[in-house]
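S.K.: coordinates only, sequence not included:
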């Protein structure tokens, strides 16, 4: 009896203390591909995949390649250096919608007429995009804070009017008064750790690659369907994803182990009686 109890406790401790492996933690590809690739539009250089928008700089340095979901853990992969940025343009925040499909995409075009202006800048705009949450990223500490947002929340849009379809870019806690919902830590990885996995997942071959992992979406609730969005300050690329939050396998193991220990305790008591 004691040996069985020790075995169950050891299994429980292993489940809680196990170190995640990057390739396993990224999980399933939930990227919404926009089909704006070289083969489909003739717009880009040969090495680009489906995740750089029309009219924007086409190179691996600006490429956001994919959102991935492992149970409730969200990750991103791309040629864009999430931590250092590129050419002075830095990472934005991760926006989440859980009720309706948010407004996104190539919305700066009306038929064949270009409707953008030359009024560039990361201007403050209202949250007319339909997002209900934002993961405010802090790259100095590798932490994030989750805020609940609505149509009254002000956000910062992409710098170039040409790239308005990639907005919003970032949330600014200094100009909003939302109460933090929850917080957590994330990890930053560089090539070659994510190189092979991303080639297989996104079809892109060659060049540097980076990943952000560990964004816990369990605050959304089990079974919640969501949309995720990310862009960089210039808006050269627009990364969108769609997935469903499910509980971690360790949660089931905890319940299972707890139930087993309870059953053993009851059986032992019954024998004494």
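M.R.: Arrived safely. Source: prediction; values computed, not measured. Residues are numbered from 1 along each chain as shown.
S.K.: what residue ranges in this structure score low on pLDDT?
M.R.: For the chain, the stretches with pLDDT under 70 are 1-25, 34-55, 106-118, 191-207, 248-273.
S.K.: Can you tell me how far residue 74 is from residue 154?
M.R.: In this view, residue 74 and residue 154 are 24 Å apart by CB to CB, to the nearest Å. C-betas here are computed from N, CA, C, even on glycine.
S.K.: More neighbours: those two, which one.
M.R.: In this view residue 74 and residue 154 are compared by other CB atoms under 10 Å, and residue 74 has more residues nearby, 27 against 15.
S.K.: For the more buried one, list each beta-bridge partner.
M.R.: Beta bridges link residue 74 to residue 69, residue 215 when assigned by DSSP bridges.
S.K.: Please shift the residue numbers so they start at 51 in all later answers.
M.R.: New numbering, starting at 51: the last item is residue 124.
S.K.: my read: it touches residue 144, true?
M.R.: Yes. Using CB atoms under 8 Å, residue 124 is in contact with residue 144, at 7.3 Å.
S.K.: shared neighbours, these two?
M.R.: In terms of CB atoms under 8 Å, 6 or more residues apart in numbering, residue 124 and residue 144 are both contacted by the residues 265, 278.
S.K.: can you pull out the helices in this protein?
M.R.: Using DSSP state H, the helices of the chain run over 52-67, 72-75, 88-91, 245-252, 299-322.
S.K.: Can you list the neighbours in contact with stretch 219-238?
M.R.: By CB under 8 Å, 6+ apart, the list of residues contacting stretch 219-238 reads 132-133, 142-143, 145, 172, 174, 183-184, 186-187, 189, 192-199, 203-209, 260-266, 269, 281-283, 285.
S.K.: Got a ChimeraX select line for the buried ones in those residues?
M.R.: Per 16 or more other CB atoms under 10 Å, the buried members of these correspond to this ChimeraX selection:
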select :132,133,142,143,145,172,183,184,186,187,189,194,195,196,197,199,203,205,206,207,208,209,260,261,262,263,264,265,266,281,282,283,285
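S.K.: Among the contacts of stretch 219-238, which lie within strands?
M.R.: Counted as lying in strands by DSSP state E, out of these, are 145, 174, 183-184, 186-187, 193-198, 204-206, 260-266, 281.
S.K.: give me the beta-bridge partners of residue 206?
M.R.: Here residue 206, judged by DSSP bridges, has bridge partners residue 174, residue 220.
S.K.: Contact partners for residue 80?
M.R.: Residues in contact with residue 80 (CB under 8 Å, 6+ apart) are 117, 118, 119, 278, 291, 292, 293.
S.K.: Residue 175 now?
M.R.: 204, 205, 206, 207, 217, 218 are the contacts of residue 175 under CB under 8 Å, 6+ apart.
S.K.: please redo it, this time with the cut-off set to 7 Å
M.R.: Going by CB atoms under 7 Å, 6 or more residues apart in numbering, residue 175 touches 204, 205, 207.
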